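Q: need coordinates for the following:
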Amino acid sequence: MKTFFRLIVLLVTATWACAGNAHNTFFLPGDAFFHTVLTEEVLNRIENQKNPVFTYSRPRFLANSLCGSAGFSKLEFRGMPVKFKKQLREVYNNLRESVPKRIEITDEIIWKKGDIGDVAVKTGTQINRELNGFSIFVVNADFNLAKHILGLKYNEDWADQVTAFSHDRNHVRLESFIQTPEAIAVDWRDSQLVAPLSTECPPITNKNIAVPVLAAPTCKFLVFEQPDLRQLTDADNLDAMYEISESGVTRYTKNGKHWVRHKVRHLN
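A: From the prediction side, this is the model:
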């Protein structure tokens, strides 16, 4: 029995140590894209904002780590045209015709001091959270979907950049959106062929993680309906995606590992 409990303690300790040595990676200056999620709440928030700020979203399948973060968690689009915002909403509404919104409703809770500690108290207000927002990849205007794989960061300097956020190089990990050996190999092979997302970044320090990077006004938004980003390179999934740029809205469909561009589509 004692041996059994010692084994359990060792397993728990090892698991905790592994999680504690990891980090949460947001946007790094050498990444080919900034990833965020489009929800109705986001659309309502940016509607009257001149310079909307978007929050970085890590893949859902990656657990939150316990050893801090690296990278920049915000992106600011200065002077976003009203037309661009309307196109985002039109694409969202169009995708919702085939992908119904799923909502989680929870009771709002505040904490109040009690006789023996803080006590959770319901306020009577319910909080609605959209569970299946759509992925947005912010990429350069010249990012070539026919040549390069959407979802790969193509950042040859990622390890150096993570350590610059005060992390031990021995503990850095590549948080890839596509975690297959083939994808990682392509990422490594072609990293010097794909330019980083054009942004203005603050100094790389863990004090600036929440300071927004500034997106180039020519960047384009790729809105993707597949909720599981690990399926990005799955040739069996014929997914749909919309590109929003200065020229308008363009629809893409999947063909193997890459995307086929259709004519500019006028959404209803």
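
Q: pretty sure Asp31 sits in a strand.
A: No. Using DSSP: H, G, I helix; E, B strand; the rest coil, the secondary structure at Asp31 is coil, not a strand.

Q: wait, it sits on Leu197?
A: Yes. Counting by Cβ atoms under 8 Å, Leu197 is a contact partner of Asp31 at 6.1 Å. Heads up, the C-betas are built off the backbone N, CA and C, glycines and all.

Q: might you report the residue contacts of the closest residue to Gln161 other than its chain neighbours?
A: Among residues not flanking Gln161 along the chain, Leu28 sits closest, at 4.5 Å (Cβ to Cβ, 6 or more residues apart in numbering). Contact analysis of Leu28 by Cβ atoms under 8 Å, 6 or more residues apart in numbering lists 70-72, 153, 155, 157-158, 161-162.

Q: for my notes, confirm Thr218 occurs in a helix.
A: No. Under three-state DSSP, Thr218 sits outside any helix and is assigned coil.

Q: could you shift the numbering so residue one becomes 53, and keep it that way?
A: New numbering, starting at 53: the last item is Thr270.

Q: any low-confidence regions in this protein?
A: Scanning the chain for pLDDT under 70 picks out 53-74, 117-119, 160, 167, 169, 178, 278-290, 308-310, 316-320.

Q: now the helices for it?
A: 54-73, 92-98, 134-148, 210-215, 233-242 (DSSP state H).

Q: which residues sit against the fourth one?
A: Spelled out, it's helix 210-215. Residues contacting helix 210-215 (Cβ under 8 Å, 6+ apart): 75, 77, 80-83, 122-123, 207, 221, 224, 226, 256.

Q: buried only: go through these for me.
A: Buried subset of these (neighbour count, 16 or more other Cβ atoms under 10 Å): 75, 77, 80-83, 122-123, 207, 224, 256.

Q: out of the residues you listed, who's nearest Gly300?
A: Set against Gly300, the nearest of the buried ones among the contacts of helix 210-215 by Cβ to Cβ is Asp83 (25.9 Å).

Q: what about the residue lying closest to the closest one once chain neighbours are set aside, neighbour count?
A: If the residues on either side of it in the chain are set aside, Asp83 comes closest to Lys205, at 4.5 Å by Cβ to Cβ, 6+ apart. For Lys205, the count of nearby residues is 24 (other Cβ atoms under 10 Å).

Q: same question, Ala292
A: Applying other Cβ under 10 Å, we find 18 residues neighbouring Ala292.

Q: now do it against Leu204, distance only.
A: Separation of Ala292 from Leu204 (Cβ to Cβ, to the nearest Å) stands at 20 Å.

Q: what does stretch 170-189 rub up against?
A: Counting contacts by Cβ under 8 Å, 6+ apart, the residues outside stretch 170-189 that touch it are 85-94, 106, 109, 144, 147, 151, 153-165, 202-203, 273-279, 281.

Q: which parts of it are buried?
A: Quick answer for stretch 170-189 (16+ other Cβ under 10 Å): 182, 185-189.

Q: same thing with stretch 121-133?
A: Buried, per 16+ other Cβ under 10 Å, within stretch 121-133: 121-129, 132.

Q: any chance of those residues in CSV, plus distance to Asn260?
A: Output for these, formatted as CSV (distance: Cβ to Cβ, whole Å):
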residue, distance to Asn260
Ser121, 11
Ala122, 11
Gly123, 10
Phe124, 7
Ser125, 10
Lys126, 10
Leu127, 13
Glu128, 13
Phe129, 18
Met132, 23
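
Q: what's near enough to touch Phe195?
A: By Cβ under 8 Å, 6+ apart, Phe195 lies in contact with 84-85, 246, 272.

Q: could you do Arg313 as well?
A: Contacts of Arg313 by Cβ under 8 Å, 6+ apart are 197-198, 295, 302, 304.
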